[in-house]
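In: Make a model of this:
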Amino acid sequence: MIRKVFKAFYYLLLTVIIFLLLGLAIEANKSQVCSSFSVHVDHSCGNFFVEAGQIKNEVYLKFDTLNGQDLGNINLNKIENLIDRMTYVKKAEVYRTIDGKIKAKVTQRKPLTRVIDRYGHSFYIDTDGRLMPLSSNFTARVIIVTVPNDIRLAPFIDQGGYLNDITGERNKKLLKDVFELAKYIENHRLLSAYIDKIAVTPTGDFELIPKNGSHVVELGSTDRMEQKFYKLLVFYEHGLTKIGWNKYNRINLKYKNQVICANQ
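Out: Predicted coordinates for the structure are as follows:
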């Protein structure tokens with residue numbers, strides 16, 4: 001019995017000591033001055049919309065240079081929130097190290113598709129379904145979508161919100177369908193390697209243009225996408241690979257259980 005009590009007391013005392021030492025370490029860390037501020041931007045997705053130097057400049061404009069300031073007086077949450085609000089940033093993590101450095105890890109937003117109207121206005125839709133303006137620093141290689149002549153994208157370019165925030169039911173539905181279609185293609189290994197352009201017709205149908213430009217795929221609406229693309233891939237494998245990729249210039253997937261081909 002005494003041994004059990006002693007063991008319990010020992011572990012309790014050990015826990016208290018650990019927390020005391022941790023508290024002392026935190027207080028000691030706060031009394032340090034910032035020796036450096038560094039930013040690491042994740043470029044693993046192949047996008048270069050924002051660089052570490054740009055982020056550091058924005059932070060210094062708001063908080064002055066961090067070097068030499070007491071760590072206890074530097075609000076890491078405010079720095080993190082500032083970086084999070086930058087146009088091309090998806091997520092920032094700001095923390096301090098035990099040797100007095102402040103570091104920021106930054107993940108960029110990833111564009112899924114670029115939408116263009118007849119007036120040359122365009123923007124990206126990112127993988128989270130948010131509007132994203134073009135960048136003067138970098139152009140992403142993504143699926144290009146052209147919209148009907150009566151659609152003007154200028155009002156949405158600087159909006160920066162989610163697709164649900166778009167005004168006008170027609171515009172909202174159109175761009176939501178574009179997003180879902182581009183996401184389906186991007187997530188499919190074969191389709192993403194083959195399709196690089198989408199055209200929205202005046203009637204609201206979708207047409208897909210392969211990279212080799214040999215034909216146009218008439219998808220119609222985004223209803224039954226999985227079945228339509230299954231038909232297309234089966235037709236590619238068992239049809240065009242045998243009769244030639246340039247045999248037809250239009251392939252229609254609109255109708256259930258049918259693939260209609262034509263030369264026009």
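
In: From here on, just use CA atoms for contacts and neighbour counts.
Out: Fine.

In: List the neighbouring strands of the helix or strand encompassing residue 103 plus their orientation.
Out: Taking DSSP states H and E as the criterion, residue 103 maps to strand 101-108. Here strand 101-108 is paired, per DSSP bridges, with strand 36-42 (parallel), strand 89-96 (antiparallel).

In: Residues in contact with the longest one: which ones?
Out: Around strand 89-96, the neighbours that count as contacts under C-alpha atoms under 8 Å, 6 or more residues apart in numbering are 50, 76-77, 79-81, 83-84, 102-109.

In: out of the residues you listed, what pair is the most spread apart?
Out: Spatial extent of these (C-alpha to C-alpha) is set by the pair 102 and 109 at 22.8 Å.

In: domains in the chain, as residue ranges please.
Out: Per automatic domain parsing, the structural domains of the chain span 36-108, 111-262.

In: Let me have these in JSON lines, extended by mean pLDDT.
Out: Output for those, formatted as JSON lines (pLDDT from 0 to 100):
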{"stretch": "domain 36-108", "mean pLDDT": "94"}
{"stretch": "domain 111-262", "mean pLDDT": "89"}
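
In: Same list, the ones you listed, but as a markdown table with mean neighbour count please.
Out: A markdown table is the format used below for those (neighbours: other C-alpha atoms under 10 Å):
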| stretch | mean neighbour count |
| --- | --- |
| domain 36-108 | 16 |
| domain 111-262 | 16 |
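
In: mind listing the helices for this structure?
Out: Applying DSSP state H to the chain gives helices spanning 2-30, 52-63, 76-84, 154-157, 169-186, 189-194, 225-235, 241-243.

In: May I have stretch 242-251 exported as CSV, CA atoms only?
Out: Output in CSV follows, covering the C-alpha atoms of stretch 242-251 (Å, rounded to 0.1, in the frame of the first residue of the first chain):
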residue,chain,number,x,y,z
LYS,A,242,-8.7,1.1,-84.0
ILE,A,243,-10.3,3.4,-86.6
GLY,A,244,-8.0,6.5,-86.0
TRP,A,245,-8.2,9.5,-83.8
ASN,A,246,-9.1,11.8,-86.7
LYS,A,247,-12.0,9.8,-88.0
TYR,A,248,-14.6,12.1,-86.5
ASN,A,249,-14.5,15.8,-85.5
ARG,A,250,-17.4,15.7,-83.1
ILE,A,251,-18.3,13.1,-80.4
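
In: what separates it from the chain centre, distance-wise?
Out: Distance of stretch 242-251 from the chain centroid (C-alpha atoms, centre = their mean, to the nearest Å) equals 35 Å.

In: Show me the contact partners of it.
Out: 214-218, 240, 259-264.

In: Stretch 61-68 too?
Out: 33-37, 60, 74.

In: now for those, which pair is the farthest apart?
Out: That would be 33 and 60, which, of the contacts of stretch 61-68, are the farthest apart (C-alpha to C-alpha) at 16.3 Å.

In: Contacts for stretch 133-149 next, please.
Out: Under the criterion C-alpha under 8 Å, 6+ apart, residues 47-50, 111-118, 122-124, 157-158, 160, 178, 182, 195-202 lie in contact with stretch 133-149.
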